[in-house]
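Undergrad: have a look; sequence and predicted model below, questions after that.
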Protein chains: 4
Amino acid sequence: MTRSDTSRAEAFSDAVIAIVITLLVLELSPPRTEPGGLLAGLLAQWPTYLAYAASYIYLAVIWLNHKSAFLRVREMDVGLQWANLGILATLALLPWPTAVIIDAAEKGNPADERVAVGLYALIGALLCLSWLAFFSHLARHPELTEDEVEDSYFARERPRALAGVLSYLAAGAAGVLIHPLVASVIFVILPVFYGITSHGIDYRPAFLRGR
Amino acid sequence: MTRSDTSRAEAFSDAVIAIVITLLVLELSPPRTEPGGLLAGLLAQWPTYLAYAASYIYLAVIWLNHKSAFLRVREMDVGLQWANLGILATLALLPWPTAVIIDAAEKGNPADERVAVGLYALIGALLCLSWLAFFSHLARHPELTEDEVEDSYFARERPRALAGVLSYLAAGAAGVLIHPLVASVIFVILPVFYGITSHGIDYRPAFLRGR
Amino acid sequence: MTRSDTSRAEAFSDAVIAIVITLLVLELSPPRTEPGGLLAGLLAQWPTYLAYAASYIYLAVIWLNHKSAFLRVREMDVGLQWANLGILATLALLPWPTAVIIDAAEKGNPADERVAVGLYALIGALLCLSWLAFFSHLARHPELTEDEVEDSYFARERPRALAGVLSYLAAGAAGVLIHPLVASVIFVILPVFYGITSHGIDYRPAFLRGR
Amino acid sequence: MTRSDTSRAEAFSDAVIAIVITLLVLELSPPRTEPGGLLAGLLAQWPTYLAYAASYIYLAVIWLNHKSAFLRVREMDVGLQWANLGILATLALLPWPTAVIIDAAEKGNPADERVAVGLYALIGALLCLSWLAFFSHLARHPELTEDEVEDSYFARERPRALAGVLSYLAAGAAGVLIHPLVASVIFVILPVFYGITSHGIDYRPAFLRGR
């Protein structure tokens, strides 16, 4: 039989991430403008386009990291299932603080903008916390990983997730105490960092690949 | 060939559950507040957050139970397909009574709150009834299960589903006759019970696992 | 390698049908009622519940027929891909005439009710027409079917699809000329007929099953 | 093990395309008409039906091209993953300029109609640009393709994608400078061209098929 124990968790995760990434586009709609004002109306929506691009790239990075991690998982126990379900629960929330930031930016009240970046930072930290739980569980249970994965692999992934938790909390604090723009810049940089370090390239020896 | 007879039913069920669990987040949106009132507006939405968490956990528990049951199914006949489609039809309904409860709680009319928990109890009982039909069909048709599954396995699952039907009906009666809060507490406890007893751990001998 | 040529078409079809069947539930929402009027408001929504049940059962029947047909397909050419895409395009439309019927029934204008059942009949006939194209293509191309499928199998499926086209057109005519209720009754009976004749049971000899 | 390195990318792409193609139907809803005006209301919605048909066919063509391309891919590196994610990001946008065109056509302001077809052309060009990046990456990395695929195969696919970029830009320019209708006609012709040239037929020798 060909169903490995991780196949349904992978299919379920793929479906959830695909839905979240596709629902982002529902935010885009024809602007309500006076006759002849369409061009100006479309250009005025630029924060929404930026948010679509940023959220899409962030979710794509998460998916690549997810795929890369599961390549190394052979079998799942209940703890790992719940850690994965925690990742899915927090990434599915991402469109919500994104919408809150866009809404606050459009209204332009400084106090609300600080609250909005604080909320985004909180959700971002929770997402990294779920990854930390996921990596920690695998570090403590090497029997769940593929044979060719070094026992220290997932232990070495933990600092990367912990750095995310602390960075999002720091970004949120900076956004609330200093300026929302400081937080927003960090929000854009962090997914780039995780994208570059996603180990998406399968660097295992050739005879182990394509499995 | 590698397509087992259950693979499309599993993929279809995964997709339905993934969609339902992801659509929950559409309930979350930027609160409509006066400038400067975002923090208060976000905090006032707490019943929605609680409902998101509770619904997400409940659907995750159902998915784990579904996965655990299908690990033991080798082949599906029409009766089992319809029992599975009944499970999917009732779980897809769950966000609806959840939204009715939140709506009633926000408006605060006691009579409406009783009706809302009664509706939730009814849908919950129907969901457990679908599981009862699913387990009963497998108990009567041992030829549909994997060879290494004991013939009594699914017969022993039936009381667990029947307990759910009765618990939801009892919770609904208590919510209508005594107080909606009594029902709400039982609604939160029941998924925890099914989560703990989901047999999510594959405790079959090692040579049968990972299949 | 294990990916057969039909696997992506099956996965794509499963995803489309799962989305359509799940989006049906978005029609259900807390009724807008005065305080204390929730029970009456919920009961007044009964046409929506009936439509949910009928649409869900119809789509479930289509999925079972789809699964049953694809069990017998070994390979797909471009013609079969487009026939399958035609089935998906028309079944995805089903929630729309359903919503039009509910809307017309709520407003109670007899002329609009006739138009609504006419629209439903038209979409239903188009769906059966897609199936007719699908079966006809397979009947003309026996090299696309599994080896153990009799060459006459899909030729024998054609009358079943043609009967659907004619029944929906007849139901629409009866609904427009006689009474919308006549059409509605036929709309409920037809999926039951296709459910019973879906060949969902795998009656091939045991050594060919589970493939 | 049976999971090839492309399987999750294919499943993820299938889910995204299935969601986008199904969400198109959400644009269809019962028209708001006076009692007795349903037939006129339905007929007046004809641009929406045309847009549904055109968008559905376009997305179906993209899916067939995607399936055809991935049949020839053996393994994915990070560059190919991002090229695929770029295709998904731009195709998910398609319903948005479609809705903008319908909206502008309903309002009938000539300046807005030119802007709307310009937007559609821009998104269409971006989509073809993503395909160009995808084919170019495979042309430069023959080690990622299946063994039986000629090294020049994906190099020969590049002009087809480049022609799309230029055609959409030319259509947009013609729509803005001459008349929106010119652009709309080109928008309908282009997917037909890509549908006919999608290589959907598996013309490899028989012993290599069904893989």
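TA: Nice, I can see it.

Undergrad: which SSE is immediately downstream of the host helix or strand of A:I87?
TA: Element membership of A:I87 [criterion: DSSP states H and E] is helix A:78-93. Next helix or strand after helix A:78-93 toward the C-terminus (DSSP H and E): helix A:95-107.

Undergrad: show me what that next one is packed against.
TA: The contact analysis (3 or more Cβ pairs under 8 Å, 6 or more residues apart in numbering or on different chains; DSSP states H and E) places helix A:95-107 against helix A:46-70, helix A:110-140, helix B:38-44. Glycine gets a C-beta too; all of them are placed from N, C-alpha and C.

Undergrad: hey, which of these is tucked in deepest?
TA: helix A:110-140 (a mean of 21; mean count of other Cβ atoms under 10 Å in any protein chain shown).

Undergrad: shaky segments in chain A?
TA: Applying pLDDT under 70 to chain A picks out residues A:1-4, A:198-211.

Undergrad: got a list of what the residue in it positioned nearest to chain B touches?
TA: Using Cβ to the nearest Cβ, A:A15 is the residue of chain A that sits closest to chain B, at 3.5 Å. Contacts for A:A15 (Cβ atoms under 8 Å, 6 or more residues apart in numbering or on different chains) come out as B:D14, B:A15, B:A18, B:I19, C:A15, D:A15.

Undergrad: and A:R114, by the same measure?
TA: Here A:R114 is in contact with A:G175, A:V176, A:P180 (criterion: Cβ under 8 Å, 6+ apart).

Undergrad: can I get those residues in a markdown table including neighbour count, secondary structure and distance to B:A171?
TA: Converted to a markdown table, these look like this (neighbours: other Cβ atoms under 10 Å in any protein chain shown; DSSP: H, G, I helix; E, B strand; the rest coil; distance: Cβ to Cβ, whole Å):
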| residue | neighbour count | secondary structure | distance to B:A171 |
| --- | --- | --- | --- |
| A:G175 | 27 | helix | 43 |
| A:V176 | 18 | helix | 42 |
| A:P180 | 22 | helix | 45 |
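
Undergrad: adding distance to B:A125, write those residues out as a markdown table.
TA: As requested, the contacts of A:R114 are exported to a markdown table (distance: Cβ to Cβ, whole Å):
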| residue | distance to B:A125 |
| --- | --- |
| A:G175 | 47 |
| A:V176 | 46 |
| A:P180 | 48 |
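
Undergrad: dump these into JSON lines; add distance to chain D as well.
TA: Shown next, in JSON lines, are those (distance: Cβ to the nearest Cβ, whole Å):
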{"residue": "A:G175", "distance to chain D": "27"}
{"residue": "A:V176", "distance to chain D": "32"}
{"residue": "A:P180", "distance to chain D": "26"}
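
Undergrad: span of stretch A:145-158 from start to end?
TA: 15 Å (Cα to Cα, to the nearest Å).

Undergrad: so what's the residue in chain A positioned nearest to chain D up against?
TA: Taking Cβ to the nearest Cβ, chain D has its nearest neighbour within chain A at A:A18, 3.5 Å off. The contact partners of A:A18, by Cβ under 8 Å, 6+ apart, come to D:F12, D:A15, D:V16, D:I19.

Undergrad: quick one: it from A:P180, how far?
TA: From A:A18 over to A:P180 the distance is 31 Å, taken as Cβ to Cβ, to the nearest Å.

Undergrad: just the ones in strands from the contacts of A:A15, please.
TA: Judged by DSSP state E, the contacts of A:A15 include no members of strands.

Undergrad: now, which of those sits nearest C:P35?
TA: Proximity of these to C:P35 (Cβ to Cβ) peaks at B:I19, which lies at 33.3 Å.

Undergrad: for that closest one, the count of nearby residues, please.
TA: Neighbour count for B:I19, taken as other Cβ atoms under 10 Å in any protein chain shown: 23.

Undergrad: next one: it from D:A18, what distance?
TA: 11 Å.

Undergrad: give the residues shared as contacts by these two.
TA: Here B:I19 and D:A18 share the contacting residues C:I19, scored by Cβ under 8 Å, 6+ apart.

Undergrad: sorry, back to before: closest to B:A69 out of the contacts of A:A15?
TA: Of these, the one sitting nearest to B:A69 (Cβ to Cβ) turns out to be B:D14, at 13.4 Å.

Undergrad: my guess is the closest one contacts A:E10, does it?
TA: No - taking contacts as Cβ atoms under 8 Å, B:D14 lies outside contact range of A:E10: 9.8 Å.

Undergrad: neighbour-wise, which of the two wins?
TA: Neighbours per residue (other Cβ under 10 Å) separate B:D14 from A:E10, with B:D14 holding more: 26 against 23.

Undergrad: which residues touch the more buried one?
TA: A:R8, A:A11, A:F12, A:A15, B:W63.

Undergrad: mind checking which of the residues you listed are in helices?
TA: Those of these mapping onto helices are A:R8, A:A11, A:F12, A:A15, B:W63, per DSSP state H.

Undergrad: how about the last one, nearest residue that isn't a chain neighbour?
TA: Counting by Cβ to Cβ, 6 or more residues apart in numbering or on different chains, B:W63 lies nearest to B:I17, which is 5.0 Å off, once chain neighbours are set aside.

Undergrad: what does A:G86 give?
TA: For A:G86, the spatially nearest residue (Cβ to Cβ, 6+ apart) is A:S130, at 3.9 Å.

Undergrad: wait, what's in contact with that neighbour?
TA: A:A83, A:G86, A:I87, A:A89, A:T90.

Undergrad: what's the answer for A:G37, then?
TA: D:D112.

Undergrad: repeat the analysis, applying 10 Å as the threshold.
TA: A:P31, A:A44, D:N109, D:A111, D:D112, D:V115 (Cβ atoms under 10 Å, 6 or more residues apart in numbering or on different chains).

Undergrad: with A:G118 instead?
TA: Taking Cβ under 10 Å, 6+ apart, one finds A:97, A:100, A:171-173, A:175-177, A:180, A:183, B:38-39, B:42 in contact with A:G118.

Undergrad: quick check: it vs A:A174, distance?
TA: In terms of Cβ to Cβ, A:G118 sits 10 Å off from A:A174.
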